[in-house]
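Undergrad: just to be clear, the model below is a prediction. Sequence and coordinates:
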Amino acid sequence: MPDWVETLRGLILFIVWAVLVLRISALWRAPQRPVWIVLLVLATGSLMIQAPVGKWLDSTTGVAKAGELSVALVALTDFAAVWWFAVALHRAGHATPAWLRRAPAVSAATMAALAVAFFVVTPAPDRFGAQAHGWWVGYAVAWITFGLVTAVGAGALFWRHGITMRSPVLRLSMLALAVGTTAELPYLVIRAIRWFTEAPATLALVGFWCSFTRFVLVALGCSLAALEPLRRAALYWYRRQRLYGLWMLLRQATPELVVLTPRSRTSDLLTFSNPWEQLHQRVIDIRDSVTFLHDGWASPQLLQEAARHAGGGRDGGNGGRDGGDGGRDEGERLVAVACWIEATRRDALAGATKLHHELDKDLLPDVQASESTVHREIRHLLRLHRALRTRAVQSFADTAERRPPAPAAP
């Protein structure tokens, strides 16, 4: 076995233990708990398979090959735990019969009982030998059957969900688990051949690589799945921070909408709870402020001038009267929106009288603040924020400030 195999095994185990520590909070979240428990089983199993642990168990119990029995029990727990995780994943979005929900635990308990029973009745020299003899044939048949059932059960579910997952990270995680559990099948076939025939050494080597592939891919797949909530939380926090400037700019101009005192920059940076809800609320706050400015201080004349200014003096709009886009492209429309927002924001800060004109929504940004569209929504709002700071928008707002105020709606 090449030296790099043990190096890679050590690296994978380090990653698994690091993820366990980093994501210990998953124990208190039911949807995230199964993958954490699978990682714990993998990490614990990596300790139990060490030769010194087996020798210590043999000497402590005084039972020959007790250490190998403990390794078998850990391995069957690993197989059943991965299947249980696959079933838990499936249950999140599909009706699952009771027998399938119980199958991983029932099969593991049955296999554990059989393993202990065959261990007791089989003479010590025949236990865990290269080939199965006597009572140990029953153990071999039970073990191969158990392994095939768990591998097929878990693999089928991982393949099904790996193909349909929308999240790229979760899709990669599920496909890694699917390939890993599928690699277990040739390993079990080879193990059966070696138990009952004189198999060549090359076949044993192929079996080792299948087993090692399963270990690496299941460990990495579970680690990715366990880290995905943390990655998403960090992404939502980052996007919320990028919106802070625009959010504060608009909230300061619309204090009537503020229910709670806006957090300071430092406090906002240190707020990590409910990241999606916080981000969603920030987008809603920005939209509410924009709509409030539009309904309170915008006028048909202002909207028409903003559209004309964005079009470089061309009559690119109709004063907000019929909802057409006047041939504006997206860039011009963004500048037009930024122009009237900046002008009305200054009016609001100056305490100007509200106009309350009935306007169409042609120059209001589109609302797309659902979780599936939030990235596109945030990109649009950030472009709007950059447009608000441009010289063209600032010059328009300066000109609008010097003009007589528009009459209020009758």
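TA: All right, it came through fine. Residues are numbered from 1 along each chain as shown.

Undergrad: how about low-confidence regions in the protein?
TA: 1, 313-328, 363, 366-372, 404-410 (pLDDT under 70).

Undergrad: let's see 80
TA: 1-2, 51, 260-263, 312-329, 357-374, 402-410 (pLDDT under 80).

Undergrad: give me the most central residue, it.
TA: residue 228 (3.4 Å; Cα atoms, centre = their mean).

Undergrad: helix, strand, or coil at that residue?
TA: Assigned with DSSP: H, G, I helix; E, B strand; the rest coil, residue 228 falls in the helix class.

Undergrad: any idea how far residue 172 is from it?
TA: 10 Å (Cβ to Cβ, to the nearest Å). Quick note: C-beta positions are derived from backbone N, CA and C, even for glycine.

Undergrad: also residue 25?
TA: Computed as Cβ to Cβ, the residue 25 to residue 172 distance reads 23 Å.

Undergrad: who has more neighbours, those two?
TA: Here residue 25 and residue 172 are compared on neighbour count by other Cβ atoms under 10 Å; more neighbours surround residue 172, at 17 against 11.

Undergrad: is it true that the more buried one touches residue 224?
TA: Yes: using Cβ atoms under 8 Å, residue 172 makes contact with residue 224 at a distance of 6.3 Å.

Undergrad: residue 159: what's it in contact with?
TA: 175, 178, 182 (Cβ atoms under 8 Å, 6 or more residues apart in numbering).

Undergrad: so which of the residues you listed are in strands?
TA: Per DSSP state E, strands hold no members of the contacts of residue 159.

Undergrad: got a winner among those residues for most neighbours?
TA: Result: residue 178 is most packed of the contacts of residue 159 (other Cβ under 10 Å), 23 neighbours.

Undergrad: distance of that residue from residue 86?
TA: Counting by Cβ to Cβ, the gap from residue 178 to residue 86 is 9 Å.

Undergrad: ok, now residue 127?
TA: In terms of Cβ to Cβ, residue 127 sits 31 Å off from residue 86.

Undergrad: of these two, which one has the most company?
TA: Using other Cβ under 10 Å, the more surrounded residue of residue 127 and residue 86 is residue 86, with 27 against 20.

Undergrad: what helix or strand is the more buried one on?
TA: helix 66-91 (DSSP states H and E).

Undergrad: which elements pack onto that helix?
TA: For helix 66-91, the helices and strands in contact under the criterion 3 or more Cβ pairs under 8 Å, 6 or more residues apart in numbering; DSSP states H and E are helix 33-48, helix 51-61, helix 98-121, helix 136-164, helix 168-196.

Undergrad: just the buried positions in it, please.
TA: Neighbour-count burial for helix 66-91 flags 66-90 (criterion: 16 or more other Cβ atoms under 10 Å).

Undergrad: what distance separates the start and the end of stretch 126-133?
TA: Taking Cα to Cα, to the nearest Å, stretch 126-133 runs 6 Å from one end to the other.

Undergrad: who touches it?
TA: Contacts of stretch 126-133 (Cβ under 8 Å, 6+ apart): 64-65, 68-69, 72, 119, 134-136, 139-140, 194-198.

Undergrad: mind running it again at 7 Å?
TA: Under the contact criterion Cβ atoms under 7 Å, 6 or more residues apart in numbering, stretch 126-133 has outside partners 65, 68, 119, 134, 136, 140, 194-196.

Undergrad: export the residues you listed to CSV and tack on distance to residue 110?
TA: Formatted as CSV, the contacts of stretch 126-133 follow (distance: Cβ to Cβ, whole Å):
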residue, distance to residue 110
65, 21
68, 20
119, 15
134, 21
136, 18
140, 16
194, 24
195, 20
196, 22
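
Undergrad: gap between the residue lying closest to residue 338 once chain neighbours are set aside and residue 118?
TA: Sequence neighbours aside, residue 387 is the residue nearest to residue 338 in space, at 3.8 Å (criterion: Cβ to Cβ, 6 or more residues apart in numbering). Residue 387 sits 74 Å away from residue 118, going by Cβ to Cβ.

Undergrad: quick one on the thing from earlier: and which of the contacts of residue 159 is nearest residue 275?
TA: residue 175 (26.2 Å; Cβ to Cβ).

Undergrad: for the closest one, what are its contacts?
TA: Contacts of residue 175 by Cβ under 7 Å, 6+ apart are residue 162.

Undergrad: one more time with 8 Å, if that's ok
TA: Here residue 175 is in contact with 158-159, 162-163, 221 (Cβ under 8 Å, 6+ apart).

Undergrad: now the buried members of these.
TA: When the contacts of residue 175 are checked for burial by 16+ other Cβ under 10 Å, the buried set is 158-159, 162, 221.

Undergrad: got the residues you listed as TSV, with distance to residue 279 columns?
TA: Converted to TSV, the buried ones among the contacts of residue 175 look like this (distance: Cβ to Cβ, whole Å):
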residue	distance to residue 279
158	30
159	33
162	27
221	28
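
Undergrad: go through these and name the one nearest residue 357.
TA: residue 162 (53.9 Å).

Undergrad: got the angle for the helix or strand hosting residue 234 vs helix 168-196?
TA: If you go by DSSP H and E, residue 234 is part of helix 201-242. Helix 201-242 runs at 160 degrees relative to helix 168-196, counting by axes from the mean of the first three to the mean of the last three Cα atoms, to 10 degrees.

Undergrad: so what does helix 201-242 touch, helix or strand wise?
TA: The contact analysis (3+ Cβ pairs under 8 Å, 6+ apart) places helix 201-242 against helix 3-22, helix 33-48, helix 168-196, helix 265-269, helix 275-297, helix 374-388.

Undergrad: and for residue 178 and residue 86, which residues touch both?
TA: residue 158.

Undergrad: residues near residue 232, how many?
TA: Neighbours of residue 232 under the rule other Cβ under 10 Å: 16.

Undergrad: now swap in residue 170 and tell me
TA: Residue 170: 18 neighbours (other Cβ under 10 Å).
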